[in-house]
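Student: coordinates only, sequence not included:
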């Protein structure tokens, strides 16, 4: 375990007293590490740090798992004094300020797109256990659910679901269906745009005879907004009043922004997190249920994935339709090999592959 942590952080961390912390001394019982990505100048980070300090202190004093957890601060500060002042508020160690290369590697490895962010990873392997640690601190303030690992979708979603005619159905009705878990809100313009397209896709898939259902998980700011938005949707929803269930679903899939459409297979296993991109790229739903493809043609709708992490884009001098196919075939074996490797480890592929024509 210590060897892996050294590869992740290096041999030394630092604490609030400017003293070095030997990574190998973090403890033989350590099983979970919380990576706290933040910045001293960011108000939400300051606010969350206060909550996290309370959570950490309570956990270290009262939990039977107190020796199994450590937190490490990964800063995006540009000023060393600001970083040092912020670190003095923290009872856990941090990656050294000057180690910017390791900071960037961690940001990319764990696909952090916003701060504050708290990602819990297995201390022996680095595999993500829970991507949305902010909700752990909010939903489980006493740490009773440690180690906050993923639960089956059927267990997390269990309970009554709404239809927009005010009737309810039990979540067990989803068994044997492909399921789209749709995180969205009326106040979000991209969400409303996607919803209009998704309604047509939903109907097309249902009419084709596929067993498909969507569950709306609202991020609306009031029940009135939820009701207004849900009235436009022909699918199911988690009741707005069931904030705990909505929060657990957000935590299960590590939701960091909306709209997000998660696609699940008939066993409840994730097919893709990129349901939004797939729906926009495939309006006729010919590729449903949208299993990940090794190589994509870069387009306006999927270009958003370039922000998700490292990407390889092969630019081709191509003007006519079909001229990109040889380029796809060139890099497809590499992409397929990488996908298979990480699928076997039940991890997301760390590199996306695209081809692009002259328009780019």
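Tutor: That came in fine, so what should we check first? Everything numeric here is computed off the predicted structure, so don't read it as measured data.
Student: so who does the nearest residue to residue 65 once chain neighbours are set aside touch?
Tutor: Nearest residue to residue 65, sequence neighbours excluded (CB to CB, 6 or more residues apart in numbering): residue 146, at 4.8 Å. The C-beta positions use only the backbone N, C-alpha and C, and glycine is treated the same way. Neighbouring residues of residue 146 by CB atoms under 8 Å, 6 or more residues apart in numbering: 32, 59, 63, 65, 68-69.
Student: Most neighbours out of those residues, which is it?
Tutor: Counting neighbours by other CB atoms under 10 Å, the top entry in the contacts of residue 146 is residue 69, with 24 neighbours.
Student: Provide a list of residues in contact with it.
Tutor: 30-34, 59, 63, 143, 146-147.
Student: if you set the cut-off to 7 Å instead, what comes out?
Tutor: 32, 34, 59 (CB atoms under 7 Å, 6 or more residues apart in numbering).
Student: same question, residue 190
Tutor: Here residue 190 is in contact with residue 259 (CB under 7 Å, 6+ apart).
Student: Distance to residue 76 for the contacts of residue 146 - can I get that in a markdown table?
Tutor: Output for the contacts of residue 146, formatted as a markdown table (distance: CB to CB, whole Å):
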| residue | distance to residue 76 |
| --- | --- |
| 32 | 23 |
| 59 | 25 |
| 63 | 29 |
| 65 | 29 |
| 68 | 27 |
| 69 | 23 |
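Student: Pick the one among the residues you listed closest to residue 339.
Tutor: Of all the contacts of residue 146, residue 339 sits closest to residue 32, with 27.5 Å by CB to CB.
Student: so who does that closest one touch?
Tutor: Here residue 32 is in contact with 68-69, 120, 122-123, 129, 147 (CB under 7 Å, 6+ apart).
Student: Just the buried ones from those residues?
Tutor: Among the contacts of residue 32, the ones that count as buried by 16 or more other CB atoms under 10 Å are 68-69, 120, 122-123, 129.
Student: Sort out which of the contacts of residue 146 are in strands and list them.
Tutor: Counting by DSSP state E, these place 32, 69 in strands.
Student: Going by distance to residue 272, which of the contacts of residue 146 wins?
Tutor: residue 32 (26.9 Å).
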